[in-house]
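S.K.: below is the structure, and that's it, no one-letter string:
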């Protein structure tokens with residue numbers, strides 16, 4: 001029997017109807033630019049699509065020329081519901097979305113399962129949205145691909161970087177880091193904080209990003225640790241917040257999209 005991780009936030013964070021979801025995601029992607037080099041890694045937000053969908057799409061649009069070339073996605077996002085040490089894999093064979101199933105790369109799972117910081121923790125995946133909301137974008141942009149899904153708990157940059165190094169691969173492998181930015185500040189304060197975080201990302205300085213700067217700080221900092229060592233260039237391609245998209249400006253959540261080449 002196939003072990004399926006079913007969607008937890010379809011109908012909440014994004015449409016549960018496949019046709020509606022397809023139309024929404026392709027509309028967001030059409031507004032983005034596919035120009036420039038295809039990135040090796042991206043950072044994109046994970047809120048409800050009305051809030052962060054356009055920002056996420058600006059990063060995903062850059063991947064459109066790589067359809068058929070990128071065949072594996074290593075997807076890391078923060079834990080919102082379950083506390084644990086290290087990084088959590090899922091025992092699922094595939095992840096279901098309204099657009100279909102995405103197969104988990106079992107060879108990659110075996111490879112990183114040998115690391116002491118990597119564990120199978122299905123509870124960390126069951127209700128977690130930080131990975132799930134990215135899958136429809138990936139399905140629309142890439143078509144068929146295999147997935148390495150990792151929810152990141154209490155893990156330092158070196159621990160995350162060790163996993164990324166093992167799975168880095170070549171042009172067939174894409175690294176996706178899921179993170180929003182500052183939470184629940186007024187509009188102007190959020191803009192200042194998020195500009196500083198974006199500067200730290202572009203300068204590959206994980207030491208300058210604190211927990212209240214980005215909810216996905218742990219996976220973000222792991223990527224920055226690897227990117228600095230491997231000589232990647234990070235670029236901010238979109239930086240907005242919920243006050244710009246679908247919310248009030250009293251208490252906003254920041255969203256940034258970044259590409260690493």
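M.R.: It's in. Everything quoted here is computed from the prediction, not taken from an experiment.
S.K.: what's the pLDDT at residue 1?
M.R.: pLDDT for residue 1: 86.
S.K.: now do the helices in this structure.
M.R.: With DSSP state H, the ranges of helices along the chain come out as 18-31, 49-60, 106-113, 122-126, 129-132, 135-142, 157-167, 187-202, 217-230, 242-245.
S.K.: dump the residue contacts of the residue nearest to residue 75 when sequence neighbours are not counted.
M.R.: Nearest residue to residue 75, sequence neighbours excluded (Cβ to Cβ, 6 or more residues apart in numbering): residue 176, at 4.7 Å. All C-beta atoms are positioned from the backbone trio N, CA, C, and that covers glycine. Shown in contact with residue 176 (Cβ atoms under 8 Å, 6 or more residues apart in numbering): 41-44, 73-76, 134, 138.
S.K.: isn't residue 212 right up against residue 181?
M.R.: No - with contacts counted by Cβ atoms under 8 Å, residue 212 stays clear of residue 181, the gap being 9.9 Å.
S.K.: tell me which of these two has more neighbours.
M.R.: It is residue 181, of residue 212 and residue 181, that has more neighbours when counted by other Cβ atoms under 10 Å, with 33 against 13.
S.K.: how about the nearest residue to that one, chain neighbours excluded?
M.R.: Spatial nearest neighbour of residue 181, chain neighbours left out: residue 254 (3.1 Å); criterion: Cβ to Cβ, 6+ apart.
S.K.: same check on residue 82?
M.R.: Residue 82 sits nearest to residue 124 (Cβ to Cβ, 6+ apart), 4.6 Å away.
S.K.: give me the number of residues near the one you found?
M.R.: Other residues lying near residue 124 total 24 when counted by other Cβ under 10 Å.
S.K.: check residue 168 too.
M.R.: Close neighbours of residue 168, defined as other Cβ under 10 Å, add up to 14.
S.K.: name whatever forms a beta bridge with the residue nearest to residue 75.
M.R.: residue 42, residue 75 (DSSP bridges).
S.K.: ok so, going back, the residue nearest to residue 181 and residue 179 touch, don't they?
M.R.: No - counting by Cβ under 8 Å, residue 254 stays clear of residue 179, with 9.9 Å between them.
S.K.: export the helices of the chain to CSV and tack on mean pLDDT and distance to residue 260?
M.R.: Formatted as CSV, the helices of the chain follow (pLDDT from 0 to 100; distance: least, Cβ to Cβ, whole Å):
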stretch, mean pLDDT, distance to residue 260
helix 18-31, 97, 20
helix 49-60, 98, 10
helix 106-113, 97, 20
helix 122-126, 97, 25
helix 129-132, 98, 19
helix 135-142, 98, 16
helix 157-167, 98, 11
helix 187-202, 97, 9
helix 217-230, 97, 5
helix 242-245, 96, 24
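S.K.: out of those helices, the one nearest residue 99 is which?
M.R.: Among those, helix 135-142 comes nearest to residue 99, with 4.7 Å by Cβ to Cβ.
S.K.: next, the angle from the closest one to helix 18-31.
M.R.: Between helix 135-142 and helix 18-31, the angle comes out at 60 degrees (axes from the mean of the first three to the mean of the last three Cα atoms, to 10 degrees).
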